[in-house]
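# 3D model of this:
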Amino acid sequence: MAAPSSTTKCGKNEPFELQVARGQISWHRAVTIFGYNPDLDTTEESVWPNGGTVPHGQAASVLKVSSDSASDDAGGTGALTLLIEGLDGDYKEVSEVVTLDGQTAVNTTKTYHAINNLTVLTVGSAGHNVGTIYLGTGVVTAGVPAVIWDLINPTYNQRTTAHYTIPAGYTGYLSEGIFTSGQTSGSTGITGKLLSGDPTGTLRVSAVVAINNGSVDYDFKYPLQIPEKHCVGATAIGAANNNLVSAMFIILLIKNDAGTP
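Residues are numbered from 1 along each chain as shown. You can find the predicted model right below:
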């Protein structure tokens, strides 16, 4: 007797979005990017855990991987290995797995122009990264590089950086995003921006929201087109200090030569 099977597995009735997620639509794939800033004050910052802004337009470089905890080590209780996904100097997708060595920096074997994702692959008995895992350049002091490109907060096992660069050979279509904020008093608001940037480093505002302890949904009825080698990211600024801010956006990547022989 044949194993049970979905009657819609050939895509006759399934929504297009589900078919893309299942890998049934050639040359199409979706990415979901989310970020979190736990302490937004009255200076504009990227929506990520580090404060300040995500480095943009950096030269392709060998990067240093480290943690500010000795427990994030191949023989430790925290994170053991890390998957890096990004783009090289030609904006082509590259990735590698790095074995962590605590506060001692480990060089990547590949060069990166942009980072699109960081994921802890394997862990020790703690079940998560114990310290903050950093990716960056320059002198590393107690596990922290001089120039931070990206990071993973303790216990998260995944980066929370609202920034993504479209790979060469693809066009991105931003269909939806969500911006949220919260504060203890609830009496002052924050301004959130959705930014897009070109390869020259020029950033442009694609959307602006104003929130006071709540959320705003970017619902692009006609998706926002993001060309190859362009980036998209979220920033925010508070009317007062000590805000919690998060952002998420969904991008459909379509190969530029999709459907051609």
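# quick one: low-confidence parts of the stretch 151-261 of the chain?
Low-confidence segments of the stretch 151-261 of the chain (pLDDT under 70): 259-261.
# 90 instead?
Residue ranges of the stretch 151-261 of the chain with pLDDT under 90: 176, 182-189, 200-203, 212-214, 217-221, 257-261.
# ok, which stretches of it are strands?
163-165, 170-182, 190-197, 203-211, 214-226, 231-238, 243-255 (DSSP state E, counting those that start in this stretch).
# in terms of secondary structure, what does the last one contact?
The reference is to strand 243-255. strand 28-40, strand 170-182, strand 190-197, strand 214-226, strand 231-238 (3 or more C-beta pairs under 8 Å, 6 or more residues apart in numbering; DSSP states H and E). Yep, even glycine has a C-beta here, placed from its N, CA and C like the rest.
# tell me the strands beside it, with direction?
Paired with strand 243-255 in the same sheet, following DSSP bridges, are strand 28-40 (antiparallel), strand 170-182 (antiparallel).
# so can I have CSV of those showing mean neighbour count?
What follows is these, written out as CSV (neighbours: other C-beta atoms under 10 Å):
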stretch, mean neighbour count
strand 28-40, 18
strand 170-182, 21
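# possible to save these as TSV with distance to Thr53?
Shown next, in TSV, are the strands paired with strand 243-255 (distance: least, C-beta to C-beta, whole Å):
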stretch	distance to Thr53
strand 28-40	11
strand 170-182	17
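# model confidence for the residue nearest to Thr160 when sequence neighbours are not counted, exactly?
With sequence-adjacent residues excluded and distances taken as C-beta to C-beta, 6 or more residues apart in numbering, Thr160 is closest to Tyr36, at 4.2 Å. pLDDT recorded at Tyr36 is 97.
# can you name the residues bridging to Tyr36?
In beta-bridge terms (that is, DSSP bridges), Tyr36 pairs with Ser246.
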